[in-house]
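A predicted structure for the sequence below; I have some questions about it.
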Amino acid sequence: MDIFKSWLVERCIAHRGLHNDEFPENSLGAFQNAINNGYPIELDVHIISDGTLVVFHDDSLSRMTGKDGYLKNLTKSDLENYHLADTEYTIPTFEDVLTLIDGKVPLLIEVKNTNKVGALETKLLEMLRAYKGEYAIESFNPYVLEWFKNNAPDILRGQLAGFFKGEKLAFIKRFALKRMVLNKIAKPDFIAYEASRLPNRFVRKYKSLPLIAWTVRSQKEYMKVVQYCDNVIFENFEPKI
């Protein structure tokens with residue numbers, strides 16, 4: 001397969017679904033909206049305390065649900081009590097998301113794992129093997145990519161990277177992610193890099209891999225960055241050439 005002719009390059013990717021004031025990020029409504037408009041979907045997968053995989057971005061519940069606590073401590077039965085951005089939508093399980101999307105558009109799955117690699121990835125792979133649609137995985141954690149390289153080398157995997165200026169991140173992690181120094185063990189099929197930091201010398205040496213810019217939030221930003229990348233992950237607008 002020529003990855004440069006795949007869905008990863010052909011169609012702009014909706015960040016956490018095609019979300020807006022009506023359909024919150026990473027909600028079934030945002031995913032349906034993306035389907036209706038024909039966009040591939042980027043989403044975030046965590047594992048919670050009972051082993052359920054859920055689709056949610058933050059570790060903390062407060063920004064999206066207005067409630068205190070941490071996502072990892074929830075169980076599946078708790079999810080219905082956490083509404084997203086004061087809407088009817090609640091935190092969805094990954095199973096529910098796969099049922100909704102059902103191969104209608106491709107999925108770019110960010111694996112959210114800063115802990116020991118294995119449990120989340122094993123469950124995710126089990127579910128993906130039973131799924132009939134197109135998908136790829138990505139992660140900031142190169143050891144997640146290494147796990148998929150060793151256990152499911154046929155699944156396209158992408159290294160997320162950026163400068164992370166102003167974020168609370170250990171120097172060594174910032175250094176490694178900025179320069180993608182662990183690509184030699186992760187062996188990514190594509191790079192997803194912080195849009196505001198493109199172009200740069202760190203991505204230049206990976207010209208043989210597709211480069212996806214994240215997250216583009218305006219037409220102006222899109223027109224600026226598209227000359228340096230093969231595709232974008234976008235939100236808050238719909239890109240137009």
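Good, I have the coordinates.

following the helix or strand bottoming out on mean pLDDT in the chain, which helix or strand comes up?
The helix or strand of the chain with the poorest confidence is helix 171-179; it has a mean of 91 (mean pLDDT, DSSP states H and E). Per DSSP states H and E, helix 171-179 leads on to helix 183-186 as the next helix or strand towards the C-terminus.

on contacts alone, who are the packing partners of that following helix?
helix 142-151, strand 157-161 (3 or more C-beta pairs under 8 Å, 6 or more residues apart in numbering; DSSP states H and E). Just so you know, the C-beta spots here come from the backbone N, C-alpha and C atoms, and that holds for glycine as well.

and the ones you listed as CSV, adding mean pLDDT, distance to Met1 and mean neighbour count?
Below are those laid out as CSV (pLDDT from 0 to 100; distance: least, C-beta to C-beta, whole Å; neighbours: other C-beta atoms under 10 Å):
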stretch, mean pLDDT, distance to Met1, mean neighbour count
helix 142-151, 98, 16, 20
strand 157-161, 98, 14, 24
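
quick one: which of the ones you listed is nearest Ala30?
strand 157-161 (20.2 Å; C-beta to C-beta).

any chance of the helices and strands packed on helix 183-186 in TSV, with distance to Phe175 too?
As requested, those are exported to TSV (distance: least, C-beta to C-beta, whole Å):
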stretch	distance to Phe175
helix 142-151	13
strand 157-161	11
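
now the strands for this protein?
Taking DSSP state E as the test, the strands found in the chain are 13-15, 41-47, 53-55, 107-111, 135-139, 157-161, 190-194, 211-216, 231-234.

so which of the ones you listed is the most packed in?
strand 13-15 (a mean of 27; mean count of other C-beta atoms under 10 Å).

Mean confidence (pLDDT) on that strand, please.
Strand 13-15 shows a mean pLDDT of 98.

and if you look at stretch 30-43?
Computed over stretch 30-43, the average pLDDT equals 98.

mind listing what's buried in it?
Neighbour-count burial for stretch 30-43 flags 30-35, 39-43 (criterion: 16 or more other C-beta atoms under 10 Å).

and if you look at stretch 112-125?
Buried residues in stretch 112-125 (16+ other C-beta under 10 Å): 112-113, 117, 120-121, 123-125.

among those residues, which are in helices?
Those of the buried residues of stretch 112-125 mapping onto helices are 120-121, 123-125, per DSSP state H.

related to what we said a few turns ago, let me have the buried residues of stretch 112-125 in a markdown table, extended by distance to Asn26 and pLDDT.
Formatted as a markdown table, those follow (distance: C-beta to C-beta, whole Å; pLDDT from 0 to 100):
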| residue | distance to Asn26 | pLDDT |
| --- | --- | --- |
| Lys112 | 11 | 98 |
| Asn113 | 16 | 97 |
| Val117 | 22 | 97 |
| Leu120 | 16 | 98 |
| Glu121 | 20 | 98 |
| Lys123 | 18 | 98 |
| Leu124 | 16 | 98 |
| Leu125 | 21 | 98 |
